[in-house]
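Enquirer: Predicted model follows, preceded by the sequence.
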Amino acid sequence: MPVSFNNIPAGFRIPLYYVEVDPSKAGFPINRLPTLLVGHMITTAGPNKGTALPDVPIPVASQAHADNLFGQGSQLASMFRAYFANNWAQETWGLPMTEGSTSATGTITVSTTPTAAGTLHLYIAGRHVPVPVLATDTTQTVATAIAAAITADKSLLVSANAATSIVTVTSKGKGTYGNDIKVQDNYYGPTGGEVMPPGLTLTYSGSGTLTGGAGDPLFTTALSNLGETPVEYVALPFTDSNSLQAWELEFGFSDLGRWGWIRQLYGHLFSAKRDIYSNLLTWNTRNNAQLSVMAVEPTSPSPVWEWAAAYAAKAARALSIDPARPLQTLHLETIVPAKGDDRFLLSELNAMSMSGLATQRTLQDNIPMITRETTTYNKNLYGNSDDAYELVTTLATLAKILRNQRHAITSKFPRHKLANDGTRFGAGQAIVTPKIVKAELVAQYRIDEFNGLVEDALNFKANLIVERDPNDPNRLNVLYPPDLVNQLRIFAVLAQFRLQYNRGVDLAIV
């Protein structure tokens, strides 16, 4: 019987017409590419307590859903706000972590009274909180108005209480992350219509940054609960060594990692790190191909977890469309950058990208954009400089073509026999040879080339090896050498101008 059936028995005798359906040549690869946002929820009893179970991943459909699950004003709910502003269509999950031990706090002291009416433009973690002020207000009245305005916005990361002329601001959730919440006023200044009401002066503790927050999460239980849940893009707001080590192991190339040969789940980690240039330049000791950490200026009002969420959102949105296109120029909506004089210089951005940090830049529209999606990988196993995994697009493209290849092989050859090249078997037999598999891999490569993922199919074919294992006749070994397509990142021009062409020397002869 030359045709290999899967279901119709060979000895069946009852007439007449029987059909079994085979989809192996019809399907196209469809991959779920969900995003996972990781952060603290509020677990302390009170009006802001979330309803989700800590350490258990859960799909999230909307901002209202996130607020209910993780607590309005929690770190994780704040991340979803930034994420949805940049990517509203992606399948998105949250992984809530139990809050830490202590809330971060700070104070706003109303030092002098206003002499004229106006509006105080407060910013809490980059969120605008307008406070109307009257000329007759006392320092205590202004303090009470500030606390009331903060309390009225339930989505803010902080609560506030006024006592005499001092407003105490406290992060709603507990943890070290609260030490990144900034309080300031009149961010946009006179050109943006934001000026302090005449006579009014404020003093901020900690130079406007909350302090005293304590407690970082432990991810053992959370990663165990995540299990084999497919997540392609992870927004990770924690950059302490313990947190990064746990996630790098989960997404690594080892046998137990998501990029390992057993699990083949793949995925990418996106984070953000705030510090001065000199500290950032020497910070990266991670050397991880799956981790991309964006450098952020110290004075940016937006907290680093919102930077991380926005970065992951735009990366997920772009890479799910085309994993080989660069992420440069993609804007991070709702993220408030540092003011002009405080922003990193081009020379600093270049140096940080060489040290394994992703970079961002803000131009005239005052919305930061991705300039280079660098990973923390920059050295090989012997500690020598290496750029094999320098860019996020490299692994994103590899994941795409490997999934395409896996779909083709598992769909077309799920229950096939294996024979040597030259074997004369009947047409329709479920049997393959090394040459048949090689032809299939080349055909798939041509499709990937047409879709702009790879290039140079001729050299790929010449270097592709498909052979039977000499010690196991049931095994095929493949050396798969794709040439990944590159990106236009630098356009260099030598403008060799003239004041006038020398007609006897420079003029081309037609």
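Expert: Done, it's in.

Enquirer: got a list of what the spatially closest residue to residue 431 that is not a sequence neighbour touches?
Expert: Distances taken as Cβ to Cβ, 6 or more residues apart in numbering put residue 417 closest to residue 431, at 4.2 Å, once the chain neighbours are dropped. In short, each C-beta sits where N, CA and C put it, glycine included. Listed by Cβ atoms under 8 Å, 6 or more residues apart in numbering, the contact set of residue 417 reads 429-432.

Enquirer: Output whichever helix in the chain runs longest as PDB, nothing but the C-alphas.
Expert: In the chain, taking DSSP state H as the definition, the longest helix is helix 392-412. Output in PDB follows, covering the C-alpha atoms of helix 392-412 (Å, rounded to 0.1, in the frame of the first residue of the first chain):
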ATOM      1  CA  VAL A 392      16.900  42.600  20.800                       C
ATOM      2  CA  THR A 393      16.000  42.000  17.100                       C
ATOM      3  CA  THR A 394      18.600  39.200  16.800                       C
ATOM      4  CA  LEU A 395      16.800  36.800  19.200                       C
ATOM      5  CA  ALA A 396      13.400  38.100  18.200                       C
ATOM      6  CA  THR A 397      14.200  37.100  14.500                       C
ATOM      7  CA  LEU A 398      15.700  33.800  15.600                       C
ATOM      8  CA  ALA A 399      12.600  32.900  17.600                       C
ATOM      9  CA  LYS A 400      10.400  33.700  14.600                       C
ATOM     10  CA  ILE A 401      12.300  31.500  12.100                       C
ATOM     11  CA  LEU A 402      12.800  28.700  14.500                       C
ATOM     12  CA  ARG A 403       9.100  28.600  15.200                       C
ATOM     13  CA  ASN A 404       8.400  28.700  11.500                       C
ATOM     14  CA  GLN A 405      10.800  25.800  11.000                       C
ATOM     15  CA  ARG A 406       9.300  23.800  13.900                       C
ATOM     16  CA  HIS A 407       5.800  24.300  12.500                       C
ATOM     17  CA  ALA A 408       6.800  23.100   9.100                       C
ATOM     18  CA  ILE A 409       8.600  20.000  10.300                       C
ATOM     19  CA  THR A 410       6.100  18.900  12.900                       C
ATOM     20  CA  SER A 411       3.100  19.500  10.600                       C
ATOM     21  CA  LYS A 412       4.500  17.800   7.500                       C
END
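
Enquirer: Check the offset of that helix from the chain's centre.
Expert: Averaging C-alpha coordinates over helix 392-412 and over its chain gives two centres that are 20 Å apart (Cα atoms, centre = their mean, to the nearest Å).

Enquirer: The stretch 151-300 of the chain: strands as residue ranges?
Expert: 158-163, 166-171, 183-185, 201-204, 233-235, 268-274, 291-296 (DSSP state E, counting those that start in this stretch).

Enquirer: okay, the ones you listed, which one's buried deepest?
Expert: Scoring the strands of the stretch 151-300 of the chain by mean neighbour count under mean count of other Cβ atoms under 10 Å gives strand 233-235 as the most buried, with a mean of 28.

Enquirer: Mind listing residues that contact that one?
Expert: Outside of strand 233-235, the residues that reach it under the criterion Cβ under 8 Å, 6+ apart are 33-38, 79, 83, 90, 247, 251, 267-271, 305, 308-309, 311-313, 315-316, 319.

Enquirer: Make TSV out of the strands of the stretch 151-300 of the chain and add mean pLDDT and distance to residue 111.
Expert: Conversion of the strands of the stretch 151-300 of the chain to TSV gives the following (pLDDT from 0 to 100; distance: least, Cβ to Cβ, whole Å):
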stretch	mean pLDDT	distance to residue 111
strand 158-163	97	14
strand 166-171	98	10
strand 183-185	96	13
strand 201-204	97	4
strand 233-235	98	39
strand 268-274	98	28
strand 291-296	98	30
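
Enquirer: hey, where'd the helices end up in the chain?
Expert: Along the chain, counting by DSSP H, helices occupy 63-70, 75-86, 139-152, 220-226, 241-250, 277-283, 304-321, 346-354, 392-412, 434-450, 457-463.

Enquirer: for the stretch 251-400 of the chain, which spans come out with low pLDDT?
Expert: In the predicted model of the stretch 251-400 of the chain, no residue satisfies pLDDT under 70.

Enquirer: so can I have TSV of the helices of the chain showing mean neighbour count?
Expert: Below are the helices of the chain laid out as TSV (neighbours: other Cβ atoms under 10 Å):
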stretch	mean neighbour count
helix 63-70	21
helix 75-86	26
helix 139-152	19
helix 220-226	15
helix 241-250	17
helix 277-283	15
helix 304-321	26
helix 346-354	16
helix 392-412	19
helix 434-450	17
helix 457-463	13
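
Enquirer: Now tabulate the ones you listed in a markdown table and tack on distance to residue 336.
Expert: As requested, the helices of the chain are arranged in a markdown table below (distance: least, Cβ to Cβ, whole Å):
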| stretch | distance to residue 336 |
| --- | --- |
| helix 63-70 | 18 |
| helix 75-86 | 11 |
| helix 139-152 | 17 |
| helix 220-226 | 30 |
| helix 241-250 | 25 |
| helix 277-283 | 19 |
| helix 304-321 | 9 |
| helix 346-354 | 19 |
| helix 392-412 | 24 |
| helix 434-450 | 40 |
| helix 457-463 | 46 |
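
Enquirer: For the closest residue to residue 460 other than its chain neighbours, list the residues it contacts.
Expert: With Cβ to Cβ, 6+ apart as the criterion, residue 460 has its nearest non-adjacent residue at 5.6 Å, and that residue is residue 445. By Cβ under 8 Å, 6+ apart, residue 445 lies in contact with 454, 457, 460-461, 482.

Enquirer: how about 10 Å then?
Expert: Listed by Cβ atoms under 10 Å, 6 or more residues apart in numbering, the contact set of residue 445 reads 401, 404-405, 453-454, 456-457, 460-461, 464, 480-483.

Enquirer: What separation is there between it and residue 476?
Expert: Distance from residue 445 to residue 476, counting by Cβ to Cβ, to the nearest Å: 17 Å.

Enquirer: is it true that residue 232 touches residue 316?
Expert: Yes. Contact criterion Cβ atoms under 10 Å: residue 232 and residue 316 qualify, at 7.1 Å.

Enquirer: Give me the common contacts of the two.
Expert: Common neighbours of residue 232 and residue 316, using Cβ under 10 Å, 6+ apart, are 33-35, 90-91, 268.

Enquirer: what about the stretch 51-200 of the chain, any weak spots by pLDDT?
Expert: Confidence mapping of the stretch 51-200 of the chain against pLDDT under 70 gives zero matching residues.

Enquirer: so how far is residue 338 from the residue nearest to residue 336 when sequence neighbours are not counted?
Expert: Leaving aside its chain neighbours, residue 336 sits nearest to residue 126 (3.9 Å; criterion: Cβ to Cβ, 6+ apart). Between residue 126 and residue 338 the distance is 11 Å, computed by Cβ to Cβ.
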